[in-house]
Structure formats: C-alpha cells, structure tokens
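Colleague: here are the coordinates; sequence isn't available:
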C-alpha cells in the first residue's frame, strides 16, 4: 500500500520541487547560501593566520571596511612572528650551550620508526622490571635513573 501511494506522490513531489527551484525565493536562498559559505571560508582562513579580527575588518561580502585595522593586524602578526623566531633562536642557543658536551648526543639519534618502536618496548619491559612499585623490598632508583636517561638519549 505504501509503495503504491509513494509511486503516485513521487512525480508530484518532483514537479513541485522543480517549480520551486524556478522561483525567485529559491534563487535568493541559493545566493544567500553561496555568500555565507564564502564568508565562513574567508573568515576561517583569515582568523587562522591573524586571529579573531575578520569581522572588524571585512563585511559579509568580503569588502574591506577598515583598512587601518587591517594594517595594524598585519603589523602585529609580523611582530609576533619575529618575536617567536627570536625567542626560538634564543632558546636553541641557550639549550645548546648546556647540551653540547662530549657525552651528550641528545637530538642526534638516527633511529627509524621501527627501531624506535623496539626501543619503546625495551623501555617498557625494563621500566616494569625496575619500577619501585614492582620492587618494594629493593632500591631500584639508580636503575630507573639510568633507564630514564637512556629514554631521553633515544629520543622517545
């Protein structure tokens, strides 16, 4: 019974939908959807780079309405990137002053992914064996210190 009713109604529904798609209301709706989708995409791209400032600078149609604010945002972005770069280089230089000893090979490992997985398994096995909770009667702190140092040296 349902299939019979559906077979009679389907052509009517399709005809009504086709007629609706020809109306000005539908065309305005489609244009509105296009504009809001474009607005959302542009806003997401802008905000990802510069922060939440898009609505203060552009209108919904993407027209620039506050050029002074745009210049300020771009200069702040440039300043922030330069600051981050300087901070990062300072950190790298500072850190390298304390880790460049002859016995330190931090960051210089050449292990591939499968070797790192194997080293992780070694670490897990040994840490279970020497963990203080597993050895309540024995002092295993020296073993754990050495194991954690190896973990850092391995870059895990």
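Modeller: In hand now; what should we look at? Everything quoted here is computed from the prediction, not taken from an experiment.

Colleague: check contacts around residue 73.
Modeller: 50, 51, 53, 57 (Cβ atoms under 8 Å, 6 or more residues apart in numbering). Any C-beta I mention is one placed from the backbone N, CA and C, and that applies to glycine too.

Colleague: Just want the most central residue of the protein.
Modeller: The centre of the chain sits closest to residue 48, judged by Cα atoms, centre = their mean, with a distance of 10.5 Å.

Colleague: Which strand or helix spans that one?
Modeller: helix 24-50 (DSSP states H and E).

Colleague: now for that helix, which elements pack on it?
Modeller: When contacts are defined as 3 or more Cβ pairs under 8 Å, 6 or more residues apart in numbering; DSSP states H and E, helix 24-50 packs onto helix 54-57, helix 67-99.

Colleague: Mind doing that once more with 10 Å?
Modeller: When contacts are defined as 3 or more Cβ pairs under 10 Å, 6 or more residues apart in numbering; DSSP states H and E, helix 24-50 packs onto helix 2-21, helix 54-57, helix 67-99.

Colleague: among those helices, which is the most enclosed?
Modeller: helix 54-57 (a mean of 16; mean count of other Cβ atoms under 10 Å).

Colleague: That one packs against which elements?
Modeller: helix 24-50, helix 67-99.

Colleague: Those helices: which one's closest to residue 145?
Modeller: Closest approach to residue 145 among those (Cβ to Cβ): helix 67-99, 17.8 Å.

Colleague: who touches stretch 10-28?
Modeller: Defining contact as Cβ atoms under 10 Å, 6 or more residues apart in numbering, one finds that stretch 10-28 is touched by 6, 29, 30.

Colleague: any chance of those residues in a markdown table, plus pLDDT?
Modeller: Output for these, formatted as a markdown table (pLDDT from 0 to 100):
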| residue | pLDDT |
| --- | --- |
| 6 | 88 |
| 29 | 95 |
| 30 | 95 |
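
Colleague: Kindly reformat these as CSV containing distance to residue 124.
Modeller: Converted to CSV, those look like this (distance: Cβ to Cβ, whole Å):
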residue, distance to residue 124
6, 60
29, 58
30, 57
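
Colleague: just to revisit the earlier point, please pick the buried ones from the contacts of residue 73.
Modeller: Neighbour-count burial (16 or more other Cβ atoms under 10 Å) applied to the contacts of residue 73 gives 50, 53, 57.
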